[in-house]
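Engineer: Need coordinates for the following:
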Amino acid sequence: MSQRKAKEYRRAMEQYQGVAADVDDLKRRIGAMEVRHRREDQMAEAARRRARAAAREQQEQERVRAQEQAEEERREASRRRNERRRRIVRRRRITALACMAALVLAVVWAVAMACAAVGADEPETILPDPVAVTPITTPAAVLGEDPLEAEKIEAALLEQGYFSEEIPLSYDLQDVMRTACAEYGCPYTLALAVAEVESHFDMDAVGAVGEVGIMQLNPGPENTYWINLEAETELDPTTPSGNIAAGCYLLGKYMQEYGDANKAAMAYNMGVSGAENAWAEGITSTDYSTAVVEAMERWEVTVNAWNGI
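Structural biologist: Here you go, the predicted model:
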C-alpha cells in the first residue's frame, strides 16, 4: 500500500470513528430522554392515581356519613316507636288487671249479698263458714301494705295461663318475654321455641362464635351487632331480661318482614343475607328452622295461651 492510500485510509477511519462516537452520543442522549420521559409519565400517573384515590376516599367518607346520619335517624324513630309501644302495653296490662279485679270484686259482692239475703229469709238455717275469696288486685295495690299481694297476683295469673310451670323460666322472665312479644309483634310460642332450641332456656349458655344468653345473641365483629341492637332498642343483650327482649325484637322484625315462622327462624339463625341467599338457591328450610317450628307446635299444645296483654 502506498503512503498516499494509507493516509487516505487513516483519514477515513478517523472520520468513521468520529461519526460512530457521534452516533453513540446521540443514542445515549436519546436513551436518557426516554428514561426521563418514562419517569415523568410514571410520576404523572402516580399523581393521577393519588388524586383518584383521594376523590374515592372523600366520596366514601361522604357516603359513610350519610349512612350514619340515616341510621341515626332510623334508630331515633325506632326508639320513639318502641317507647310508645311500651307505654301502650303498660296501660293495657294495667287496664286488664284492673278489669279482672273489678270483676272478681263484683262476684264476691254478689255472693255476699246472696248469702245475706238467704240468711235473712231463713234465719234458722245454719250456713257453713264462708270461703275466703282473694280478689285479683291491680298493679297499684302491689304498692300497698300487704306483703303477699304480689304472690296473690302471680297465683291468679298462673291460674289464668299467663304464667306456666311448664316453661323453665322465672315468672318475671316469662312476663318479660310476653311483654316483649306483645310489644314487638313476635308470637309467644315462637320466642319460646327459639329459646328452647338455642339454649334450652340457659342464660349461661355460650355459642361457638360467642353467642350468649337464653336467645343466643351474636355479638358480631367487635360487638357491633350488640351495639346496633342496643341503639335500636335500648336493651342490654348481656342481661336476662334484655337478652330475651332483644331476641323477641329480632324475631318480631323478621315476622313482620317475612310473615312466616320458618323464614323468621332462618333469618334469626343465618342472618338476613344468609337466609336470602339460601332462598335464592331454593333452600326453604334448615335443620334449625325445622326444629324451631316443631318446638313451636309443641308449645302451642302445652302452653295455655293467654288472651290478655
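Engineer: distance of L169 from A44?
Structural biologist: L169 is 69 Å from A44, where distance means CB to CB, to the nearest Å. Quick note: C-beta positions are derived from backbone N, CA and C, even for glycine.
Engineer: the more surrounded of those two?
Structural biologist: More crowded of L169 and A44, by other CB atoms under 10 Å: L169, with 19 against 10.
Engineer: tell me the contacts of the residue nearest to that one when sequence neighbours are not counted?
Structural biologist: Nearest residue to L169 in three dimensions, chain neighbours excluded: F201, at 5.7 Å (CB to CB, 6 or more residues apart in numbering). The neighbours of F201, taking CB atoms under 8 Å, 6 or more residues apart in numbering as the test, are 167-169, 195, 214.
Engineer: For ChimeraX, write the select line for the buried members of the residues you listed.
Structural biologist: Buried residues within the contacts of F201, by 16 or more other CB atoms under 10 Å, are selected in ChimeraX with:
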select :167,169,195,214
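Engineer: tally of neighbours for E230?
Structural biologist: Other residues within reach of E230, judged by other CB under 10 Å, total 17.
Engineer: ugh, wrong one, L250
Structural biologist: When neighbours are defined as other CB under 10 Å, L250 has 21 of them.
Engineer: ok, then the element right after the helix or strand hosting it?
Structural biologist: Secondary structure assigned from DSSP states H and E places L250 in helix 240-258. Using DSSP H and E, the helix or strand that follows helix 240-258 towards the C-terminus is helix 261-270.
Engineer: That next one versus helix 240-258: what angle between them?
Structural biologist: Note on geometry: by axes from the mean of the first three to the mean of the last three CA atoms, to 10 degrees, helix 261-270 and helix 240-258 are set 120 degrees apart in direction.
Engineer: Mind giving me the packing neighbours of helix 261-270?
Structural biologist: Packing partners of helix 261-270 (3 or more CB pairs under 8 Å, 6 or more residues apart in numbering; DSSP states H and E): helix 188-199, helix 240-258, helix 272-280, helix 287-302.
Engineer: Make CSV from those helices and add mean pLDDT to it.
Structural biologist: Converted to CSV, those look like this (pLDDT from 0 to 100):
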stretch, mean pLDDT
helix 188-199, 95
helix 240-258, 94
helix 272-280, 93
helix 287-302, 92
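Engineer: which secondary element of this protein has the worst mean pLDDT?
Structural biologist: Across the helices and strands of the chain, mean pLDDT, DSSP states H and E gives its lowest value to helix 139-142, namely a mean of 43.
Engineer: Show me what whichever helix or strand comes after that helix is packed against.
Structural biologist: Next helix or strand after helix 139-142 toward the C-terminus (DSSP H and E): helix 149-160. If you count contacts as 3+ CB pairs under 8 Å, 6+ apart, helix 149-160 packs onto helix 139-142, helix 171-184.
Engineer: mind running it again at 10 Å?
Structural biologist: With contacts defined as 3 or more CB pairs under 10 Å, 6 or more residues apart in numbering; DSSP states H and E, helix 149-160 has these neighbours: helix 3-121, helix 139-142, helix 171-184.
Engineer: now it against helix 3-121, angle please.
Structural biologist: Going by the same axes, to 10 degrees, helix 149-160 makes 100 degrees with helix 3-121.
Engineer: Could you shift the numbering so residue one becomes 42, and keep it that way?
Structural biologist: Sounds good: first residue 42 from here, last item helix 190-201.
Engineer: Would you check the distance separating helix 190-201 from the middle of the chain?
Structural biologist: Once both centres are worked out by CA atoms, centre = their mean, to the nearest Å, helix 190-201 turns out to sit 32 Å from its chain's centre.
Engineer: my guess is M256 contacts V235, does it?
Structural biologist: Yes. Using CB atoms under 10 Å, M256 makes contact with V235 at a distance of 6.4 Å.
Engineer: what is in contact with these two at once?
Structural biologist: By CB atoms under 10 Å, 6 or more residues apart in numbering, M256 and V235 have these common neighbours: 288-289, 291-292, 309.
Engineer: just to revisit the earlier point, I'd like the helices and strands packed on helix 302-311 written out as CSV, with distance to A272 added.
Structural biologist: Output for these, formatted as CSV (distance: least, CB to CB, whole Å):
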stretch, distance to A272
helix 229-240, 22
helix 281-299, 11
helix 313-321, 18
helix 328-343, 27
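Engineer: okay, the ones you listed, which one's buried deepest?
Structural biologist: helix 229-240 (a mean of 23; mean count of other CB atoms under 10 Å).
Engineer: which regions of the stretch 142-291 of the chain lie under the pLDDT threshold?
Structural biologist: 142, 158-189, 191 (pLDDT under 70).
Engineer: contacting residues for A336?
Structural biologist: Counted by CB under 10 Å, 6+ apart, A336 has contacts 230-231, 233-238, 306.
Engineer: Closest to M296 out of these?
Structural biologist: Nearest to M296, judged by CB to CB, of the contacts of A336 is L231 at 7.3 Å.
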